[in-house]
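Peer 1: attaching a predicted model along with its sequence, questions to come.
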Amino acid sequence: MSVTVRVPAKVNVQLAVGAARPDGFHDLANVFLAVGLYDEVTVTPADGLRITCEGPDAAQVPLDRTNLAARAAIALAERRGIEPDVHVHIAKDIPVAGGMAGGSADGAGALLACDRLWGTGASRAELLAICAELGSDVPFSLVGGAALGVGRGERLTALEVGGTFHWVFAMADRGLSTPAVFREFDRLAEGRRIPEPVASAELVAALAKGDAEALAAAVSNDLQPAALSLFPELADTLAAGRGAGALAALVSGSGPTTAFLTRDAESAEKVAGALRASGTCRAVRTAGGPVAGATVV
Ligand SMILES: C[C@@](CO)(OP(=O)(O)O)[C@H](O)COP(=O)(O)OP(=O)(O)OC[C@H]1O[C@@H](n2ccc(N)nc2=O)[C@H](O)[C@@H]1O
Ligand SMILES: Nc1ncnc2c1ncn2[C@@H]1O[C@H](COP(=O)(O)OP(=O)(O)O)[C@@H](O)[C@H]1O
């Protein structure tokens, strides 16, 4: 018997970053949108805990107990006083270290899958609490849709979305470390007063209306200067997408994946073709959002 859970990637349509806190984290106003690029996590009873991974980026995924999927299985088993005797297989389509929360997706997916496999019957609230222990982005991977995350990004409020937004994602030929990008944010911010992060009312209204042009005018990412500072070539990818008619071009989260909002599916294909031809990225994908969070298939 096995259980498979499908979990989407995310793009941050707004990422407002506050000053570093005493615990090293930053308070955020983090507006997440789940998009239709998925990892699939399958759990099967086994003699001990084993992690395997397949997919184009599989070689970059740790297969030990640091894998977020392994940590999720261990966290749930510890709470129930059982052994995490499970084989977790990850079919990975979300880019690794790309700013699209692929590791978080696997954590949320493994947690939900183990809950079903072991019949632990965890409540939504308990699952969300375990997710928040695993990482700031993990609760959103569980719930999907669109949401505002405050605190580290783990305290979520669902947001209404009035339609599907069409995106193009350009994957870079190397990753960026999330802590390194936050450190670069701190370095660039030295000597400046950092305002409290707040969600943009215009952006929330644009999501609710399903208005792509209004959303394009409102998207923002405070980590983008830091990501560009560490990875200057991303400016060429952003320019290529803008030149091809994207309504908005931005770095996804801490990067280095770049995200392009387009008017419709046809325009997304055109922007994707231009990005592929530009030679400024490793791979290009189109995806719509919002989509549902972690789902048993
Ligand atoms: C930047 C964002 C935007 O959604 O995502 P990615 O671009 O990495 O996907 C997130 O805030 C990443 O969340 P996640 O990847 O879960 O980070 P965590 O494991 O909680 O933290 C990793 C490290 O990032 C930094 N960090 C993370 C969240 C936060 N609010 N402030 C921080 O300073 C800290 O240095 C922390 O040690
Ligand atoms: N299941 C997992 N999939 C991908 N990366 C993982 C996983 N578990 C742990 N990691 C580690 O987390 C790092 C960040 O990966 P990822 O979540 O893909 O990126 P991001 O935080 O930029 O969205 C990787 O470099 C890897 O070392």
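Peer 2: Okay, I see it. Numbering: from 1, shown residues only. Ligands and ions are numbered 1, 2, ... in the order given.

Peer 1: which residues of the stretch 101-250 of the chain lie near ligand 2?
Peer 2: For the stretch 101-250 of the chain, the residues found near ligand 2 under the criterion CB under 6 Å from any ligand atom are 101, 102, 103, 104, 106, 175, 178. Placement of C-beta: from N, CA and C, glycine included.

Peer 1: again, 5 Å this time
Peer 2: Proximity of the stretch 101-250 of the chain to ligand 2 (CB under 5 Å from any ligand atom) is limited to residues 101, 102, 103, 106, 178.

Peer 1: any idea how far residue 90 lies from residue 46?
Peer 2: Computed as CB to CB, to the nearest Å, the residue 90 to residue 46 distance reads 15 Å.

Peer 1: all strands for the chain, in order.
Peer 2: With strands called from DSSP state E, the chain shows them at 3-20, 26-45, 50-54, 86-91, 146-150, 155-158, 165-171, 220-221, 248-251, 258-262, 283-289, 295-296.

Peer 1: mean pLDDT added to these, as TSV?
Peer 2: Converted to TSV, the strands of the chain look like this (pLDDT from 0 to 100):
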stretch	mean pLDDT
strand 3-20	98
strand 26-45	98
strand 50-54	98
strand 86-91	98
strand 146-150	98
strand 155-158	98
strand 165-171	98
strand 220-221	98
strand 248-251	98
strand 258-262	98
strand 283-289	97
strand 295-296	98
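
Peer 1: so which of these comes closest to ligand 1?
Peer 2: Proximity to ligand 1, assessed across the strands of the chain by CB to the nearest ligand atom, is greatest for strand 26-45 (3.8 Å).

Peer 1: that closest one pairs with which strands, parallel or anti?
Peer 2: Strand 26-45 has its sheet partners listed here by DSSP bridges as strand 3-20 (antiparallel), strand 86-91 (antiparallel), strand 146-150 (antiparallel).

Peer 1: now the second one against strand 50-54, angle please.
Peer 2: It stands for strand 86-91. Calculated by axes from the mean of the first three to the mean of the last three CA atoms, to 10 degrees, strand 86-91 forms an angle of 10 degrees with strand 50-54.

Peer 1: do the shortest one as well
Peer 2: Interaxial angle, strand 146-150 versus strand 50-54 (the same axes, to 10 degrees): 130 degrees.

Peer 1: what's the domain layout of this protein?
Peer 2: The chain breaks down into these domains under automatic domain parsing: 3-159, 165-289.

Peer 1: of those, which stretch is the most buried?
Peer 2: Highest mean neighbour count of the domains of the chain: domain 3-159, a mean of 21 (counted as mean count of other CB atoms under 10 Å).

Peer 1: what are the phi and psi values at the residue in the chain positioned nearest to ligand 1?
Peer 2: Each residue of the chain has a distance to ligand 1, by CB to the nearest ligand atom, and the smallest belongs to residue 253, at 2.3 Å. Comment: the main-chain dihedrals of residue 253 come out as phi 60, psi -130, following degrees, to the nearest 10.

Peer 1: mind listing what it touches?
Peer 2: The contact partners of residue 253, by CB atoms under 8 Å, 6 or more residues apart in numbering, come to 10, 11, 12, 15, 99, 100, 101, 137, 178, 221, 223.

Peer 1: wait, which of those is closest to residue 273?
Peer 2: Comparing these against residue 273 with CB to CB places residue 11 closest, at 20.2 Å.

Peer 1: from residue 137, how far off is that closest one?
Peer 2: When CB to CB is the yardstick, residue 11 and residue 137 sit 12 Å from each other.

Peer 1: cheers, nothing more for now.
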